[in-house]
Every structure is written in C-alpha cells, then in structure tokens.
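Asker: coordinates for the following, if possible.
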Amino acid sequence: MYVATLLTAPAAPSLDPALVDSLRNAWGGGDAVWLAPDEAAEFPLDRMPENRWEVWADLQGMGVDLVVLPARGRRKAMLLADMDSTMIEQECIDELADVAGVGARVKEITARAMNGELDFEGALRERVGLLAGQDAGIVDKVLAERITYMPGGRTLVATMRANGGYAALVSGGFTAFTSRVAEALGFDENRANTLGTEDGRLTGIPVEPILGRQAKVDALEEITARLGLSEAEVIAVGDGANDLGMLKRAGTGVALHAKPAVAAECEARINFGNLTALLYLQGYARAEFVSG
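Answerer: Alright, predicted model coming up:
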C-alpha cells in the first residue's frame with residue numbers, strides 16, 4: 001500500500017478538490033482525506049503508479065507538490081535536518097562573507113559545492129580562508145541581522161517532539177550558528193563544523209575534523225543506534241549535494257527546495273510547500289500541528 005500526498009504553498013493555498021479527485025480516479029485510489037483545506041490532501045493506493053513522475057511534472061506547472069510513499073511506517077520517530085537553506089533561509093557562510101566584503105566569490109563556491117560540482121571539504125576550506133582576520137563578532141552580527149527561519153520549522157520540530165520524536169540538526173556549516181538555531185527551533189541536539197578563532201578573530205582555518213556528507217550519515221547511524229531506532233524510522237530533510245547520503249539512508253528523505261541535481265535523486269521532493277510538508281507526508285493533519 002502507498003499514500004499519495006498533494007500539497008501547495010501554505011501562504012497561498014490553491015489545491016483544487018477537482019484535481020485531487022481526478023488524480024485519485026485516474027490512479028484508482030481510495031477516498032481522499034483533506035489534511036488542510038485548500039492546502040494538502042492524501043489518498044491511498046494499492047500500487048506505485050507507473051506514470052508518477054510524468055504526473056508530478058504536470059502538477060509542478062500548477063504549483064502543486066506530489067509525493068507517493070509507502071503507507072507502512074509513515075510516522076517517523078526522528079527528524080534529521082540540514083540547517084542552511086533548509087531550517088534557515090540563508091547559507092551562513094555566504095552571509096559571513098557578504099559582511100566581510102568577499103560575498104561574490106564565496107557565493108559562487110557555495111553554489112557549485114551544493115550542486116555537487118566541487119569537493120565539499122576543499123570548498124569549505126577555501127571559503128573559510130577568505131574570512132581570515134575578521135572580528136569573531138561577525139557571527140553575532142550575521143545572526144542578529146541576516147538569519148531568518150524557514151517557515152514551518154518550529155511547527156515541524158514541536159509536532160514531532162510532542163508525538164515522542166527526536167530532532168537532530170546536522171550541518172556542514174558552523175556550531176556558532178547551529179547551536180543558536182537548534183535552541184530557537186527546539187532541536188534536541190546539533191552537529192556542525194567549528195570556526196577557528198584566535199585573539200578574538202577568525203583564523204580562516206576550520207577546526208578538524210571537517211564535517212561534510214559522511215558526517216551526516218554518521219550522525220544518522222550514531223543517533224539511531226543510541227536511541228534504539230532503525231534508520232527506517234527517520235525522516236531527513238536537506239537541499240544540497242552533501243545531504244544526499246542521509247537523504248538516501250533515511251526511511252523518508254525529503255529534498256526541500258533543493259538543487260536540481262539533488263532533487264533528481266530523491267523520492268520526496270517539495271518545491272512549493274514549506275517545512276510543514278514533512279508533517280503532511282507523515283499523515284498529520286493541520287489540526288494536529290503543535291505550535292513551536
């Protein structure tokens with residue numbers, strides 16, 4: 001058994017009941033259940049539709065996300081989330097660089113690294129190197145003036161934790177940011193790289209070891225083992241190439257507003273919904289959401 005979930009952007013919900021019924025009839029699905037009026041609906045299926053991706057492409061043109069997942073074990077016991085451009089709307093390294101006056105160069109490197117065109121570790125070293133000599137207070141400045149949270153993040157974390165779930169934030173960014181973001185959003189723990197500092201200034205050298213793609217997989221393995229969970233009980237979310245390892249290993253891996261090369265390798269792709277989409281994919285109705 002499978003479940004097909006259709007959803008639109010919460011800020012401008014426009015999911016047409018006729019569209020849901022038409023697709024349900026075409027695929028021979030069961031009765032539709034509305035998880036949120038005009039925003040999200042689902043229906044059961046006996047088998048995976050052969051034309052899933054053709055239909056998905058058509059619906060993308062209408063501003064509708066479609067995800068078809070196995071019905072069994074939909075609700076997950078753990079959330080494993082990337083930070084940059086996932087739980088927050090920015091790339092922290094890009095914002096640091098912009099304040100430091102080297103923004104254009106760093107953004108170019110970031111974009112290529114997140115699309116899988118550059119080695120993550122090398123790209124991180126190069127970008128951090130461009131920040132050498134900056135006052136360490138630049139981190140607080142960026143946090144206060146430039147960082148905004150992705151819509152739905154607090155609700156996602158709060159709802160899963162209220163239902164017994166565990167939430168871990170894992171990032172190829174920096175602990176100076178993840179610690180604050182994790183606290184603000186209610187995560188149980190966070191892992192990231194550490195910016196080197198000396199005498200109140202950034203050294204331009206990240207502290208070893210550098211945490212990249214493998215570190216996120218390691219976090220998945222280590223945290224599930226510690227909690228006595230299986231990897232199938234995890235829902236992971238990210239947007240960049242260094243997230244692919246954990247997205248593929250988790251029971252449900254969600255590419256959220258992801259780079260094309262990343263989304264192409266994921267079964268669950270969200271381009272219009274926000275982070276509450278991860279709750280809909282687990283079968284939560286809006287009435288069950290817990291405010292963060």
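Asker: please, where are all the helices along the stretch 151-292 of the chain?
Answerer: Secondary structure of the stretch 151-292 of the chain by DSSP state H, counting those that start in this stretch: the helices cover 153-162, 175-185, 213-227, 244-249, 260-263, 277-281.
Asker: going by mean pLDDT, which of those comes out lowest?
Answerer: When the helices of the stretch 151-292 of the chain are compared on average pLDDT, helix 260-263 comes out lowest at a mean of 90.
Asker: from the chain's centre, how far out does that helix sit?
Answerer: Counting by CA atoms, centre = their mean, to the nearest Å, helix 260-263 is centred 13 Å from the centre of its parent chain.
Asker: and it, C-alpha only, in CSV?
Answerer: C-alpha atoms of helix 260-263 as CSV (Å, rounded to 0.1, in the frame of the first residue of the first chain):
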residue,chain,number,x,y,z
PRO,A,260,18.0,20.1,-9.3
ALA,A,261,20.8,17.5,-9.2
VAL,A,262,19.9,16.7,-5.6
ALA,A,263,16.1,16.6,-6.1
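Asker: picking up where we left off before, out of the helices of the stretch 151-292 of the chain, which one sits most buried?
Answerer: Each of the helices of the stretch 151-292 of the chain was scored by mean neighbour count; the highest is helix 277-281, a mean of 26, by mean count of other CB atoms under 10 Å. C-beta: built from backbone N, CA, C; applies to glycine.
Asker: for residue 95, which of the helices of the stretch 151-292 of the chain is the nearest?
Answerer: Closest to residue 95 of these is helix 175-185 (CB to CB; 9.3 Å).
Asker: relative to helix 153-162, how tilted is the closest one?
Answerer: Interaxial angle of helix 175-185 relative to helix 153-162 (axes from the mean of the first three to the mean of the last three CA atoms, to 10 degrees): 70 degrees.
Asker: gap between helix 175-185 and the chain center?
Answerer: So, by CA atoms, centre = their mean, the centroid of helix 175-185 is 15 Å from its chain's centroid.
Asker: list the contacts of that helix.
Answerer: Counting by CB atoms under 8 Å, 6 or more residues apart in numbering, helix 175-185 makes contact with 83, 87-88, 92, 139, 143, 147, 149, 153-154, 157, 169, 171, 187, 189-195, 292, all of which sit outside it.
Asker: one step back: including distance to residue 107, could the helices of the stretch 151-292 of the chain go into JSON lines?
Answerer: Formatted as JSON lines, these follow (distance: least, CB to CB, whole Å):
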{"stretch": "helix 153-162", "distance to residue 107": "23"}
{"stretch": "helix 175-185", "distance to residue 107": "17"}
{"stretch": "helix 213-227", "distance to residue 107": "20"}
{"stretch": "helix 244-249", "distance to residue 107": "21"}
{"stretch": "helix 260-263", "distance to residue 107": "18"}
{"stretch": "helix 277-281", "distance to residue 107": "27"}
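Asker: closest to residue 113 out of those helices?
Answerer: Ranking the helices of the stretch 151-292 of the chain by proximity to residue 113 (CB to CB) places helix 213-227 first, at 10.6 Å.
Asker: helices and strands around the closest one, which ones?
Answerer: With contacts defined as 3 or more CB pairs under 8 Å, 6 or more residues apart in numbering; DSSP states H and E, the packing partners of helix 213-227 are strand 78-81, strand 166-174, strand 189-198, strand 234-238, helix 244-249.
Asker: can I get the CA coordinates of the next helix or strand along the chain from the first one in PDB?
Answerer: Which is strand 78-81. Sequence-wise, the next helix or strand downstream of strand 78-81 (DSSP states H and E) is helix 92-100. Below are the C-alpha coordinates for helix 92-100, written out as PDB (Å, rounded to 0.1, in the frame of the first residue of the first chain):
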ATOM      1  CA  CYS A  92      25.600  31.200   6.800                       C
ATOM      2  CA  ILE A  93      29.000  31.100   5.100                       C
ATOM      3  CA  ASP A  94      27.600  33.400   2.300                       C
ATOM      4  CA  GLU A  95      26.200  35.800   4.800                       C
ATOM      5  CA  LEU A  96      29.500  36.000   6.800                       C
ATOM      6  CA  ALA A  97      31.400  36.500   3.500                       C
ATOM      7  CA  ASP A  98      29.000  39.300   2.400                       C
ATOM      8  CA  VAL A  99      29.500  41.200   5.700                       C
ATOM      9  CA  ALA A 100      33.300  40.600   5.300                       C
END
